[in-house]
Structure formats: structure tokens, C-alpha cells
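Peer 1: Have a look at this prediction, sequence included:
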Amino acid sequence: MKTAFQFCEPARAKGLWILVAFFSLLLVNSFAQKLDMAVATEGQKLYMATCNNCHKAEAGVGAPGYFVLAQMPPRAILAALETGKMRTQAKDLTPDQRKAIAQWLASKALKDVVIPQEAYTSFALPAGKGSLINHSGWGGNLEGTGFRSEKQAGISPATVGNLKLKWAFAFPDVSQVRCKPAIVADWLITGTHFGEVYSIHKKTGKIGWRFLAKAAVRGAISVVQTKDEIHAFFADNNTNTYALDVKTGKLIWESKAGKHPQSGNTGSVAVYDNMVYVPLTSTEVVSVLDPSYPCCSSSGEIVALDARSGREVWRHRVITEEAKEAGKKKNGQPFYGPSGAIVWCSPTVDAKRGLLYFGTGENYTSPSTTTSDAIQALNLKTGKLAWSFQSTKDDTWNLACPGNPNCPEKIGPDFDFGMAPILVKQASGKDILVVGQKAGIVYGLSPDNGKVLWQTRIGRGGALGGIHWGMATDGKYVYAANADNKYGINPKVDSLIKPEPGLFALEVATGKIVWKTAAPSCDGKKGCIEANSAAPTVIPGLVFAGTLDGHIRAYSTTDGKILWDYDTAKVYQTVNGIEGKGGSIDGSAPVVDAGMLFVNSGYGLFGEMPGNVLLAFEVEK
């Protein structure tokens, strides 16, 4: 999910740029010892001409500054230019020019990552009948509840204190780890920001097979078993959608879901009844940083593909009409709209009603639509809109705000529904759809028509929170992670509303707050942010939730008391021989299975602590 909120600005201090120039010369001179001087000089020249306008030294969270970029590995910079957020800006550069920029910025030569042979093992699944799937998709089930039963979890309040680190696996060169693993028998299936998809043995951390997608794999992996066949489904950030044979790691089919040149994917695919539902966002939110960019024309979408072939079955545009000229920017160039209402989240399947639920984001430009900052329900088979609930009207915003000509005249608060809706069956037998918004509000909706049954504010909200990535439920309570990230507090929001980062428990039936546990103090840790942003996971008696300070914690479902705490922000000796370090925990929820806990650590965006490890904990007996 995006959610940055600042754009690149002109330099405010000439002295700073003298310093930048000085260090740039030092970098070129030292870099020449590692790389041909011509390549280093060309990289610097191209960077200043192509990138420096937005990525100045003091650029904000939305456009990382020069000194931030210079700390990234060259492979990460190259990936951004080739298949990531900067692919549009770099489209006119040759492959060699992109490589030169990446190498000059990082002061390192590009080289192939070599994982030692001893990090691999043979891949095998147990023979016999029955399902081998232990975990799949964003919320672990079609309803997206994030709940694991006592039998599935193998962990309880009585044993959680015995959780010990079993192994650490490091993903080469990445600075953020955000893909939620699926589990098939004893194998984790997970992806990376460079498009690598691994099968990893859950007991040893050894690699069974490796597949390379064409761009970053961000969301969860979904797996489906039909008789003896087990297939894994996922999409990459360029909207290429894949089906793999889990037994071999080989490609079955590949299909591109996006049609707009800047379509992207952040949310996980949902798979049901031979259909793969792909949520689409747009990288236009970044392209607007260029004042000359013709802003904006994309719309959020859900695309349904046939799970057997990858063939498109139907396509739903959140904004039904195509964008057209809708006004003039401050620089005299045309504005286009309506646009945006992108889909950051994973869709949720309601098999009983035959509906698919998902949330939408803000409009990029005017005119605003009734489908932005909304929850929508579609017919699973046809894609026809069943109902739409909008919580925040007239939210027009993009990364150009404020000041850049691509910023809309009326700036909205950027209050996406970034999390996947949760379909909950209550003790009464009635269903309710529970959703959380970045406005800091949790809603209980009727799944039949989208009518609001209750709503509860748990925080102030903003561009990087309140409810950012998600919630989980055990049917009685819904557990909401409230970010209220200090870097994303929106000054437009009523200043009398107090930011309350932490974990909250609300009654599913009424929305009443049962307990809340504030995000613990960072105690001065460098780069630390006190906030719950990542989605949680719940098992009987316990909620597992990671925080931006790098801690994974287990909370009592009864009163929110912290029963177990592990600081992941440290250096690790890894099972695959790659340098590993933990950082902030953001994005997807941890996975619990058979007495083990699997946690992603590292999120090098928006001022958070970078890292590159997947950690496996096990209950010591």
C-alpha cells in the first residue's frame, strides 16, 4: 500500500547543496576504484538530469532524498527503475544508463547474488490423500479474518512464553519484507521485492525451489489444492499474475491484469471457484511528482481471471467513466479526471452471498467521485456492482500535494480503505462486514447492502494511519492496529482528536472498545516509530502484532496485556548465508502454524527501519 504524503521541493539552503556536490565528487573518485570512471561519471550525470529534481537531499518521505537513496543496494535502485515505481520516469533511459545510475548512487558495482548451495534442499510433499494447505492468502481464509484455531496454531497463552527463535532467513539486497507466506505441508511459499518467489522449509529454513517473477511480489501468496494438484497464485507490481505448480515451482500460466500503462498491484489476489480476483492500484501517485506529467487518467480496478488459464473473465473499473480534460493546472497544462479511487487492499470472498468485497482509495484529481474512499461489493461471477458505501467525500489527493502543479486545488486528507474487509459470523449467527479506515474509524456494515450498523473512532488518523494494513477477529472481538504514525498525522484533521497508536479490541456486535494497549515507548532507539501499522493475527487467547519499533508482541485477548515480546531489529546469522538484519514490522500479519510463528522484519519506507529477514519462532518443549 502506498501512503506517503510529501513531494519533492526546491532546495532551501545553498550550503546543503555545496555539501552534496562535495560528497558527490568524493563518491565519484572513490567509486572509480571499483568501477570504470566513465560509468561513474555517466551515472552521476544521468542522475542529476533525470532524478535530482525530485530526489534532492532534503526531499520528503514521498520522494526519498539523495542520501536515503545512496544507502540502498544497487539492485534495489535498478529494480525501481526497471519494474518498480520509477519505471515511467526511467522509460527513456537505456538498460546501461539505468545500471549506471544505480551503481553511482549506491557506490557499488552491480553483481549477481550468490546463495550458497548448502542453503538448498530437495523439495518433497508427503504422499496420501487430504489437504496439504495449512495457510493461504491475506487473511488466512476467504473471509479474511486473520484467525487461527487452537489446533492450527499449536500455541496458547500458557506456552507463548516458550517461543524461541529457530532460524532467520535473509532476502538478498531488499530493505523491506512484506509478502505473507502461504504454507503447504512443511513449506512456506513467499515472495520478495525483486520478484523472487521461494519455497522455504518451515523447520530448517532451507530453500526447496525458487521462481523469478518480472517485478516485486508484495502481497500474500494464495494456494489452492484440487485432488493431487496444488497451485500457487500471486501478482507482481506490474500486474503480471501467475499460477505456479507448487510441487515443482514451475510456471503454469502468466497473464497481465492491468491495461493502463501505470497500473500496479499491492493487494493480494483472492482465489475461489476457479476464479482469481486481482486488485489494481496505480503508480500515477508517484508520477505526479513531475510537474509536466499529464495528471491523471487511471482508475482502481478488480480483474477476474480464469484460474485454469489466466484468461480474463470480467473487469470492474471503480471509476466507470474514462478521464477527460477537467481543468487547468497552475502551469497552464491540462488536468484530467476523474481519476484514482485505486484498490490497495486484498478482496474478500463471501461465498454465501456470491459477493466480493474490497476497499478503495482517494481520487487523484477532480472531479471527485462517489466511489473513492469506499467499500464496494461485486457479484463474484459477473463483476456487476451490488452496492457501494462511501465514508469520506471529496478526498482528492496525490503525492504532488502541496504546491506542485499536479496537486488538486482542493486537497483531501488521503483517507483510503487500505485494509481488506473482514466478513465475521457472530455468535448470534448473523454476519457483519468489519472494515477499518485510515481516518482512524472502524465500521460495522451490513454485508447485504453496505448499511452502517455502527462506527467507532479509535484514533486521529492520517496519511500513514489510523487503520493502515488491517485487523483480525475471533468472532467476539475485532482487533485493530492503529498506526497514527507521527510522520503521517494530517493537520487537516481536528487537532482536538488525540493520536492513539496501539492495538484496540472492539466488540464485533456493537463496536464498543473493550480494551486498548498503547504502542510501547521506543526509549530513544534511532529511527524508531511508536505505532501499530501491520495487520495482526489472532488465535484463541492471543493476538500477535508487530510494531514499527521492530517488536513482535503477543497480547492477551482478554485485556490487552503483553504476554511475550521479541525485538527483531538486530543482526542475524542466517540459514542461507546472506547478511540479515531486522527492522520495522509493517504490512502483512505474522503467520502461526503448528507451534511456530513466522514474522517478516524490515520496512525501509516512510522513515521506518529497513530490514531483510523472515524469522521463524518455535515453542520450546
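Peer 2: That came in fine, so what should we check first?
Peer 1: hey, what's the closest residue to residue 483 other than its chain neighbours bridged with?
Peer 2: Setting aside the residues directly before and after it, residue 483 is nearest to residue 465 in space (Cβ to Cβ, 6 or more residues apart in numbering), at 2.4 Å. Heads up, the C-betas are built off the backbone N, CA and C, glycines and all. For residue 465, the beta-bridge partners are residue 462 (DSSP bridges).
Peer 1: separation between residue 465 and residue 331?
Peer 2: 33 Å (Cβ to Cβ, to the nearest Å).
Peer 1: neighbour count winner among the two?
Peer 2: A direct count of neighbours by other Cβ atoms under 10 Å for residue 465 and residue 331 places residue 465 higher, at 32 against 10.
Peer 1: quick one: the more buried one from residue 584, how far?
Peer 2: 13 Å.
Peer 1: again, but for residue 138
Peer 2: In terms of Cβ to Cβ, residue 138 sits 20 Å off from residue 584.
Peer 1: ok, now residue 375?
Peer 2: Applying Cβ to Cβ to residue 375 and residue 584 gives a distance of 28 Å.
Peer 1: Give me the more crowded residue out of these two.
Peer 2: Taking neighbours as other Cβ under 10 Å, residue 375 and residue 584 compare with residue 584 leading, 31 against 23.
Peer 1: pLDDT value on the more buried one, please?
Peer 2: Looking at residue 584, its pLDDT is 96.
Peer 1: give the contact list for it.
Peer 2: 529, 547-550, 569, 601-603, 608-611 (Cβ atoms under 8 Å, 6 or more residues apart in numbering).
Peer 1: That one - nearest residue in space that isn't next to it in sequence?
Peer 2: residue 608 (3.8 Å).
Peer 1: Tell me how many other residues crowd the one you found.
Peer 2: Neighbours around residue 608, by other Cβ under 10 Å: 27.
Peer 1: Ok, residue 351 next?
Peer 2: The burial count for residue 351: 12, using other Cβ under 10 Å.
Peer 1: thinking it is in contact with residue 272, fair?
Peer 2: Yes - using Cβ atoms under 8 Å, residue 351 makes contact with residue 272 at a distance of 6.8 Å.
Peer 1: any shared contact partners between these two?
Peer 2: With Cβ under 8 Å, 6+ apart, residue 351 and residue 272 have common neighbours residue 142.
Peer 1: I'd like to know how many residues surround the nearest residue to residue 531 once chain neighbours are set aside.
Peer 2: Excluding the flanking residues, the one nearest residue 531 by Cβ to Cβ, 6+ apart is residue 501, at 4.0 Å. When neighbours are defined as other Cβ under 10 Å, residue 501 has 23 of them.
Peer 1: quick one, what contacts residue 501?
Peer 2: Contacts for residue 501 (Cβ under 8 Å, 6+ apart) come out as 459, 465, 482, 483, 484, 485, 518, 519, 530, 531, 532.
Peer 1: Next: residue 271.
Peer 2: Contacts of residue 271 by Cβ under 8 Å, 6+ apart are 136, 137, 222, 224, 233, 277, 307.
Peer 1: before we move on, what SS does the fifth one have?
Peer 2: Residue 233 carries the three-state label strand when classified by DSSP: H, G, I helix; E, B strand; the rest coil.
Peer 1: wait, doesn't it sit right on residue 220?
Peer 2: No - in this structure residue 233 lies outside contact range of residue 220 using Cβ under 8 Å: 10.0 Å.
Peer 1: re the thing from before, and the residue nearest to residue 531, backbone torsions?
Peer 2: phi -60, psi 140 (degrees, to the nearest 10).
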